[in-house]
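Participant: Predicted coordinates and the sequence they were generated for:
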Amino acid sequence: MKKLLLISFIIFNLAAVSAQSSAYWQQHVDYKMDVAMDVKNYQYKGTQELIYTNNSPDTLRKVYYHLFNNAFQPGSEMDARLHSIKDPDGRMVNKVKVDGKDVKVSRIESLKPNEIGYLKITDFKQDGVAAEAKTVGTILEVTLAKPILPNSKTTFTLNFDGQVPVQIRRSGRNNSEGVELSMAQWYPKMAEFDFEGWHADPYIAREFHGVWGDFDVNITIDKEYTLGGSGYLQNQNEIGHGYEDAGVNVIYPKKLKMLTWHFVAPMVHDFTWAADKNYIHDVVKGPNDVDLHFLYKNYPKTMENWKKVEPMMVKVMDFYNKNIGNYPYKQYSFIQGGDGGMEYAMCTLMLGNGTVEGIYGTATHELGHSWFQHILASNESKHPWMDEGFTTYVEDWAVNELGTKKVENPFEGNYRAYYSLVNSGKEQPQTTHGDRYDENRPYSISSYVKGSLFLSQLNYLIGEDKTAETIKRYFYDFKFKHPTPNDIKRTAERVSGANLDWYLVDWTETLNTIDYGVKAVTDNGDTTTVSLERIGRMPMPIDLLVEYTDGTMESFYVPLRMMSFEKENPNPEVKRTILNDWTWAASNYDFTIGKAKSTIKKITIDPSGLMADVKQENNVFKQ
């Protein structure tokens, strides 16, 4: 019996080691789509051929597609969410008076049949054989005609019939700025299958997760429309509209009514486009010979603002290339067409009727997503903080570095927003799925702000140079690999040599907060004892600055034992003393300054402001 148990134990552990060291894999999709748009009734018909490569070790008997358009129908899950959430998105509701009170009513619930969105699938086949395809809300569930074995391919074909909804969120027609067609989430999109299984999330409001592949798309539409979006236009000298080669004069036959735009987008996980008869289309050369396209409405009041933003975005792309990694494609399009701003493959749809500063800020943020959502592509539904937060970080970093008036801490506003969330009592762990936050505001602050603080606080933990190196190495090691939270943590550990598991766990998986204080300052005659206390649950190393009455300064550094790391002096001009480490289990810590208390003017915990201490008032001692 003991021998059998021993053999079983050995086999189990060998299996565990094998599972942990198994090679990375990801699925692959190749789309071919032909779509014809009827601009009179905002309906379109299309065909899709999808070659699916199963690189997983699993045999697949079902697959799932996203049918995002179906969210914009009365009674959908997106509609239900607007009824149940306390603070619905203002763009998705109307305010009406009920018994003298303002009541927010879902815009989706009142959509008429010719205003809703839909995506209907017919004639679904796998390798020419009919397969069972069932629509369940915004998901198409397909029971395969035959299993897809590991390391094999299969071809799916289908017909789709769609209607563009009145724009309520992201995609749609005739938005608030007059753009006719914002074609995001418009086609049957294969759901992601990875080491965690299927990610066939219903479309309720939030973000996306997709499979990388190559897109070959033909879009037939009235010749008066100018298009912009994902991919490279293949027939630019037949299309014109600002895409034609230099010196080419595109002349359409007199009887021509429709144009077919042929786009190819390699190694992307989405395809988006927008169209309007009144677009201005500018092309500006960006870094590394990338074409930056700007498509915006021909409005005299705002077109000059777009012109001013164009050279600014060349500088932003150059900043991102140098500080994250090189943008791997040869085009990017800034398109007036969304509600706010939303990132897509090789393009963004964004508002465009604002000030120069507003357009610039939105464009800078959305461009940053190209690195974090469309090249790294973490699962934004499960870990929105990894994309939105990191993008917010590089946006604030870039705007500060490229601006005329630099500030010492460009992330200061993010800290204030985070403290506000903590004090509200409505914070939820960052492990919460993006669709399942109780309210929108906690989701936004957790994802955009607290996610950004994950990186800005790394500057405090391991230093600015090592944080900058971490971002570059993270991008280099995990581009096109769907990284997880552990991957950014391990990258920071590899770069710095620090142990950071405690940081990832406490910051992202719990509601633990940081709160340190100067508890007492005791005069010993010729020396002074400083007593510090850890009040919050989350531990940190401590930077402490002492300012003396004679104008001199001295800093002290208290390493965190569980971090096994000593940070380099962030201010070499000020003498620094490295003290004994502080354990997590000990809530109090004392050390001695070799001067009398009367010589001390001020003692400050974390003078950089980069540690997210939720109660700042006890961080300073003055006399």
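Facilitator: Looks like it came in fine.
Participant: going forward, measure contacts between C-alpha atoms and count neighbours the same way
Facilitator: Will do.
Participant: Where do the strands of the stretch 451-600 of the chain begin and end?
Facilitator: 516-523, 528-534, 542-548, 553-558, 576-578, 588-593, 600-605 (DSSP state E, counting those that start in this stretch).
Participant: How about residues contacting the fifth one?
Facilitator: Same thing as strand 576-578. With contact meaning CA atoms under 8 Å, 6 or more residues apart in numbering, strand 576-578 is reached by 554-559, 569.
Participant: any chance of the residues you listed in a markdown table, plus pLDDT and neighbour count?
Facilitator: As requested, the contacts of strand 576-578 are exported to a markdown table (pLDDT from 0 to 100; neighbours: other CA atoms under 10 Å):
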| residue | pLDDT | neighbour count |
| --- | --- | --- |
| 554 | 97 | 16 |
| 555 | 98 | 21 |
| 556 | 98 | 20 |
| 557 | 98 | 22 |
| 558 | 98 | 20 |
| 559 | 98 | 22 |
| 569 | 96 | 17 |
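Participant: Widest-spaced pair of those residues?
Facilitator: For the contacts of strand 576-578, the maximum inter-member distance is 16.6 Å, found between 554 and 559 (CA to CA).
Participant: which secondary element of this protein has the worst mean pLDDT?
Facilitator: helix 2-20 (a mean of 38; mean pLDDT, DSSP states H and E).
Participant: Next SSE downstream of that one?
Facilitator: Next helix or strand after helix 2-20 toward the C-terminus (DSSP states H and E): strand 28-38.
Participant: Give me the contact list for that following strand.
Facilitator: Taking CA under 8 Å, 6+ apart as the rule, strand 28-38 contacts 43-55, 211-222.
Participant: what do you get for stretch 372-392?
Facilitator: For stretch 372-392, contacts defined as CA under 8 Å, 6+ apart pick out 206-209, 268-269, 343-345, 365, 368-369, 430-435, 446-455, 475, 478-485.
Participant: In PyMOL, select just the buried ones from those residues.
Facilitator: The PyMOL selection below is limited to those of the contacts of stretch 372-392 classed as buried (16 or more other CA atoms under 10 Å):
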select buried, resi 206+207+208+209+268+269+343+344+345+365+368+369+430+432+434+435+446+447+448+449+450+451+452+453+454+455+475+478+479+480+481+482+483+484+485
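Participant: Quick check, residue 177 in contact with residue 354.
Facilitator: No. Look at residue 177 against residue 354 with CA atoms under 8 Å: they stay out of range, at 10.4 Å.
Participant: how many neighbours does residue 622 have?
Facilitator: Residue 622 sits with 10 neighbouring residues when counted by other CA atoms under 10 Å.
Participant: Leaving out sequence neighbours, find the closest residue to it.
Facilitator: Residue nearest to residue 622 in three dimensions, not counting chain neighbours: residue 602, with 4.6 Å by CA to CA, 6 or more residues apart in numbering.
Participant: ok, what's across the strand from the one you found?
Facilitator: Beta-bridge pairing for residue 602 (DSSP bridges): residue 547, residue 622.
Participant: what pLDDT does it get?
Facilitator: For residue 602, the pLDDT comes out at 98.
Participant: Pretty sure it sits against residue 621.
Facilitator: Yes. Using CA under 8 Å, residue 602 is in contact with residue 621, at 5.6 Å.
Participant: For residue 228, see how far away residue 38 is.
Facilitator: 18 Å (CA to CA, to the nearest Å).
Participant: Have a look at these two and say which one is more surrounded.
Facilitator: Comparing residue 38 with residue 228 by neighbour count (other CA under 10 Å), the higher total belongs to residue 228, at 30 against 14.
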